[in-house]
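Student: Just the structure for this:
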Amino acid sequence: MSAKKNATKVTKSAHSNQKNSSKSSTSTRTLGVKSRLRWSVWLLIKVTIALVFVLALYSIYLDGKVRSKFEGQRWQVPVQVYGAIKEYRLGDKLVLANLKRALLANRYKKVAQVHRPGEFALSKNRAIIYRRAFDFGAGIEAATPITIDLKQNKITAIFVAQDSATEVKLEPLLLDRILPESKEDRVLVSLQMVPERLLDTLLLVEDRDFYFHHGVSPLGILRALYQNLKAGRTVQGGSTLTQQLVKNMFLTRDKTLWRKVNEALMALILEYRYSKDQLLEAYVNEVYLGQHYANGIYGFGLAADFYFGKSIQSLNVEQMAMIIGQVKGPSYYDPWRYPERTITRRDLVLRLMYQQEIISQHEFEQALESPLSVRKHRRLTKEQFPAYMQLVKSELAEHLSAYQQQSGVRVFTGFDINQQLALQLSIAKKLPDLAQQSGADLQVAMVVSEVKSGVVSALVGGKEAGYAGFNRALHAKRPVGSLIKPAVFLAALERYQRFNFATKIDDKAISLSSGDGTLWRPKNYDGKFRGQVTLIDALVLSLNVPTVNLGMQLGLDNVAKAIHLLGYQADIVTRPSMLLGALNMSAMEIHQLYMAIANQGVAEKSHAIERIVSASGVTLWQFQPQKAQIISSQAAYLLDYALHKVATEGTARSLTWRLQGDYVAGKTGTSNDQRDSWFVGYDAKHIVTTWLGRDDNKPTKLTGSSGALILFADFMQSLGTVNRQTPVPSNVDFVHFDGKSGQAVAQACADSLFLPAVITGLTYQRHCQQAPKTEKTKSWFEKLFGN
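Tutor: The predicted structure is shown next:
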């Protein structure tokens, strides 16, 4: 019994020990699990904290990247170069034909009834223009209908919308876009310039919840997934418009998970940092919409021009639908390669527009029936006025660095489309006849400026309109011939105590020796010598020998100073031949020389650029008028008087019938052997420099009056001259001069001259010198029959 009891006790003890051991093991395992769980939780927390920290750091990095580009220079944007801003005031002269030409050049459409921006209508005495939105320098002015009433080509009334106005501005012609080194082309537009229908449709098609999400739209992703599963293929994307903007602006097109993470993060950052309107405007300017050979088409502004040759404000309903359809796939929906696909996509967008009541049923049905109205050729219009643009580019390089030129600046110039086209038309009409007369292949250069401001309004660098090669107006340096003579006579007229128009100058054969012993014997063009001539006749008739004699009396250094005073920058070798134009200048340089002469002695620099404005509307540079009186008012008046005589009695007298007696002034110029034909002429408003010659520098058989003058006259006829009315300075008066001695006389006599002169310090002789009487030779009749 005791053995059994002991065995039972041992068994119970062993069982108890086993049970205790089991409990201890279970407890240990529980403690181990809990410990591992706590460790895992802490590890997860630490990893999460680390990931959050890393994500925060990475988000800060992305934030800096986003802000750096979005708030800095987002794109390398071409320089946009505009012509002159046209202003019309009550009482101004306006020819409707010129207005029509300017509007058509600016891609306005002539219609019977005006409904949308970019359209105009004309009647006999009225113009109705729906001006497009434009920033003239003080913020964007909204698109506005304008009415101009006329009577006998004068503006009698102006209405902006329905309100009466005294003046109105039209947006200037876009001449060209100067591409940056990246060759990235785009036309920046603000939201105010984008049609509301286009924006509404864009959001409808691409992101209808744009104004309600925060950059990423889970609902949009689910909706896209449902539509794709339902269709069995990808028919709709889940990316928001903000995500698309991120993808275009900041990321590559690689389809990786990491790129999608970056896209979402940057979209959230953009939404946090910037307003919806800022993001939408950036998208409108950034979205990829096609390919122009090697260059991409980015933004709706450039796409409107690329596909339709229009501004974005002038697009009609079906064009808006087509261009929005391109967002889905510009290559797949290329209208030139796949017109059927493009029409299908366009019609789908139109249907959405109709369903959401963006367009009416009538507009929807009409748009569905319309064909694709894309341009005939893919290639964008080439630069139309390259010679003028070369002048703009050379000036732009002086005012802005290459980096500054990539920030979307706008350049406003003085370019006038009507003057440019008239210049090209005159060349097309007259140059073939002149070339036939010359028997040679002639080239041409012409420059037109406003007299008062000096702004260049038109320029031609060769006979071929639109030729982008060698610019003869800027770079061809040719002998200027007699065009230099006004500088010689200016130096004399400024010394009024010694010289006046009646001063006698020798016109006799002379020989001048150069430093190396070579003799120079100048001759007059007609080969004749007149003994003595008055100073005014020497200039009006462009006599060489009297000019040389006058220049030698003045001193070559004084003549060189006069040439420099008028604006010639290069060094001058002072030798007698310079008095007859043995100086090589470009048309632009000799044009500058005459600016002060035409502007009553006030110097103004010839220039193309008037103002440069940043993308944000800040004026970066503006032309500052010099308004420096570099020629005395009396000398300027006298020189202008003489140059008018050139146009009525002298070498340019054919202008009296070519321009039907209009009051103009000017000077002819012909270089040795008639290699260069020059004419500089001006009226009250414009100064025009014309050169004709051959690129091989051979003779042309043309003088200044038989060549260049003809082009000037034809251009002025088409432009319409404005007669000069030059005020007479207080110390200038018309005086009688003795024709024999050249001295002022108190009273007129038989051979006296009546000429303007500076009367300050002028001395008078009492009577004219009488010419000696000569016995009259009797005729055979008088000899036979007596007196």
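Student: what about the strands in the stretch 451-600 of the chain?
Tutor: With strands called from DSSP state E, counting those that start in this stretch, the stretch 451-600 of the chain shows them at 456-460, 478-479, 504-507, 512-513, 519-520, 531-534, 584-585.
Student: Would you mind measuring from Glu171 to Ser314?
Tutor: 12 Å (CB to CB, to the nearest Å). C-beta coordinates here come from the backbone N, C-alpha and C atoms, glycine included.
Student: Tell me where the stretch 301-450 of the chain has strands.
Tutor: Using DSSP E, counting those that start in this stretch, strands in the stretch 301-450 of the chain cover 410-413, 443-450.
Student: Could you dump the ones you listed into TSV with mean neighbour count added?
Tutor: As requested, the strands of the stretch 301-450 of the chain are exported to TSV (neighbours: other CB atoms under 10 Å):
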stretch	mean neighbour count
strand 410-413	24
strand 443-450	26
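Student: follow-up on the earlier one: worst mean pLDDT among the strands of the stretch 451-600 of the chain?
Tutor: Of all the strands of the stretch 451-600 of the chain, the minimum mean pLDDT falls on strand 512-513 (a mean of 84).
Student: Tell me the strands beside that strand, with direction?
Tutor: Strand pairing for strand 512-513, determined by DSSP bridges: strand 519-520 (antiparallel).
Student: residues in contact with the strand it pairs with?
Tutor: 511-514, 576-577 (CB atoms under 8 Å, 6 or more residues apart in numbering).
Student: Selection in PyMOL covering whichever of these are buried, please.
Tutor: In PyMOL, this line selects whichever of the contacts of strand 519-520 come out buried by 16 or more other CB atoms under 10 Å:
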select buried, resi 576+577
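Student: Spatially nearest residue to Leu350, not counting backbone neighbours?
Tutor: Closest residue to Leu350 apart from its sequence neighbours, by CB to CB, 6 or more residues apart in numbering: Ala321 at 4.7 Å.
Student: Run through the residues that contact that neighbour.
Tutor: By CB under 8 Å, 6+ apart, Ala321 lies in contact with 201, 346-347, 349-350, 353, 367.
Student: rerun at 10 Å
Tutor: By CB atoms under 10 Å, 6 or more residues apart in numbering, the contact list for Ala321 reads 197-198, 201, 205, 315, 345-353, 358-359, 364, 367-368, 370.
Student: Repeat that for Ser314.
Tutor: Shown in contact with Ser314 (CB under 10 Å, 6+ apart): 107-109, 116-119, 130, 132, 143, 195, 304, 308.
Student: so what are the domain limits for this structure?
Tutor: Domain segmentation of the chain under automatic domain parsing yields 1-72, 79-176, 185-369, 384-474+594-627+659-729, 731-787.
Student: Between the two ends of the fourth one, how far is it?
Tutor: When you say that, I think you mean domain 384-474+594-627+659-729. When the termini of domain 384-474+594-627+659-729 are compared using CA to CA, to the nearest Å, they are 45 Å apart.
Student: For Val110, list the residues it contacts.
Tutor: No, residue 110 isn't Val; it's Lys. Residues near Lys110 by CB under 10 Å, 6+ apart: 100, 103-104, 119-122.
Student: could you measure it against Leu96, distance?
Tutor: Taking CB to CB, one finds Lys110 at 12 Å from Leu96.
Student: intersection of neighbour lists for those two?
Tutor: Between them, Lys110 and Leu96 share these contacting residues under CB under 10 Å, 6+ apart: Leu122.
Student: quick one on the thing from earlier: just the ones in helices from the contacts of Ala321, please.
Tutor: Per DSSP state H, helices hold the following members of the contacts of Ala321: 197-198, 201, 205, 345-353, 364, 367-368.
Student: Looking at those, which one is closest to Ala665?
Tutor: Checking the ones in helices among the contacts of Ala321 against Ala665 with CB to CB, the nearest one is Leu198 at 53.8 Å.
Student: The residue nearest to the closest one when sequence neighbours are not counted: what's it in contact with?
Tutor: What sits nearest to Leu198 in space, not counting adjacent residues and going by CB to CB, 6+ apart, is Met320, at 4.7 Å. By CB under 10 Å, 6+ apart, the residues touching Met320 are 194-195, 197-202, 300, 304, 312, 346, 349-350, 353, 358-359, 367.
Student: Could you identify the buried members of those residues?
Tutor: With burial judged by 16+ other CB under 10 Å, the buried subset of those is 194-195, 197-202, 300, 304, 312, 346, 349-350, 353, 358-359, 367.
Student: can you give me the strands in the stretch 101-250 of the chain?
Tutor: Assigned by DSSP E, counting those that start in this stretch, the strands in the stretch 101-250 of the chain fall at 109-110, 119-122, 126-131, 134-135, 140-141, 144-151, 154-160, 163-165, 167-170, 174-178.
Student: and those as TSV, adding mean pLDDT and distance to Val411?
Tutor: As requested, the strands of the stretch 101-250 of the chain are arranged in TSV below (pLDDT from 0 to 100; distance: least, CB to CB, whole Å):
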stretch	mean pLDDT	distance to Val411
strand 109-110	92	26
strand 119-122	94	26
strand 126-131	94	21
strand 134-135	86	13
strand 140-141	84	18
strand 144-151	93	24
strand 154-160	93	27
strand 163-165	91	28
strand 167-170	92	17
strand 174-178	88	8
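Student: To Met716, which of these lies closest?
Tutor: Within these, the stretch nearest Met716 is strand 154-160; the backing value is 20.9 Å (CB to CB).
Student: For the closest one, list the C-alpha coordinates in PDB.
Tutor: The C-alpha coordinates for strand 154-160 follow below in PDB (Å, rounded to 0.1, in the frame of the first residue of the first chain):
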ATOM      1  CA  LYS A 154     -11.300 111.600 -92.000                       C
ATOM      2  CA  ILE A 155     -12.500 110.000 -88.700                       C
ATOM      3  CA  THR A 156     -15.700 111.600 -87.500                       C
ATOM      4  CA  ALA A 157     -16.800 109.200 -84.700                       C
ATOM      5  CA  ILE A 158     -15.300 106.400 -82.700                       C
ATOM      6  CA  PHE A 159     -17.300 103.900 -80.500                       C
ATOM      7  CA  VAL A 160     -15.700 101.400 -78.200                       C
END
